[in-house]
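Q: have a look; sequence and predicted model below, questions after that.
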Amino acid sequence: MNSSWPTTSIADRIHHIRQTIPVSVRLIAVSKQVSSAAIRAAYDAGVRDFAESRIQEAIAKQNDLSDLQDITWHFIGHLQTNKVAKAVQHFQWIHSVDSLKLAEYLDRYCDRADDAPYLCLQVKVLPDPNKYGWSVDELMADLPKLDALKHIRVRGLMTILPYGLEEATMRRGFQDTHALAERIRQQSWKRLQMQELSMGMSDDYSLAIAAGATMIRLGRTLFGDRTA
């Protein structure tokens, strides 16, 4: 399954993917740099979850697609603190909560939101200087402060593995993320829930699902290569 299917429609690709993943796994179509028309085609093929990484691009598409009122919008990019207010307003999920500082900003704005988004904490189980997120030790140290926040709704973990890993290393990275979620769950925090694991993209989603992913984020596999 890749972007080398020049004659295959978005609907066909989605149908193929649906046949290969459990019904319990939430398919999130990564629609950054994808046209509103392509999103509408994916919607017509049954997808209801779409992910964006730039606030302004997402808002423009949400306006274009305002007639599709049952879409759930997910934010997956690095979220700057000065964009938190708009992110809370325009997204039902934010997967990329990558620091205690960002969580604290979100907590302030979620206090003002009628329907606060669900959050995933971005963790790096393998070292990667090119990615944002907590290391395992950093996250474990910050858990008490995160649990003390009153308004955010943490529902799980998100991870993006480093590029260029061998399959065995990728598998272990996803397994370690699952194990970390279990470790956090067993500590019985008041506000930090760990039922969701957002992990797996076009090149590695099958390994992520085998390790316990509940959400996979697919872009190129559904829409083909982006033009920008």
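A: Okay, I see it.

Q: and residue 155, its phi and psi?
A: phi -120, psi 0 (degrees, to the nearest 10).

Q: hey, where'd the strands end up in the chain?
A: For the chain, the strands defined by DSSP state E cover 26-30, 49-52, 72-75, 93-97, 118-124, 134-135, 153-158, 192-198, 215-218.

Q: how close does residue 96 sit to residue 224?
A: 24 Å (CB to CB, to the nearest Å). For glycine as for every other residue, the C-beta is placed from the backbone atoms N, C-alpha and C.

Q: pLDDT score assigned to the residue lying closest to residue 125 once chain neighbours are set aside?
A: Leaving aside its sequence neighbours, residue 125 sits nearest to residue 176 (CB to CB, 6 or more residues apart in numbering; 4.3 Å). pLDDT, residue 176: 98.

Q: for residue 176, grab the count of nearby residues.
A: Residue 176 has 16 neighbouring residues, counting by other CB atoms under 10 Å.

Q: contact partners for it?
A: 125, 126, 136 (CB atoms under 8 Å, 6 or more residues apart in numbering).

Q: these two touch, right, residue 52 and residue 61?
A: Yes. Between residue 52 and residue 61 there is a contact under CB atoms under 8 Å: 7.1 Å.

Q: so which of residue 96 and residue 224 has more stuff around it?
A: Taking other CB under 10 Å, residue 96 and residue 224 do not tie; residue 96 has more neighbours (25 against 18).

Q: returning to that earlier point: give me the more crowded residue out of residue 52 and residue 61.
A: residue 52 (25 against 21).

Q: so what sits opposite the more buried one in the bridge?
A: Residue 52 forms beta bridges with residue 75, as assigned by DSSP bridges.

Q: do residue 198 as well
A: residue 158, residue 215.

Q: now do it, the pLDDT please.
A: pLDDT for residue 198: 98.

Q: pretty sure it sits against residue 157.
A: Yes. Counting by CB under 8 Å, residue 157 is a contact partner of residue 198 at 7.1 Å.
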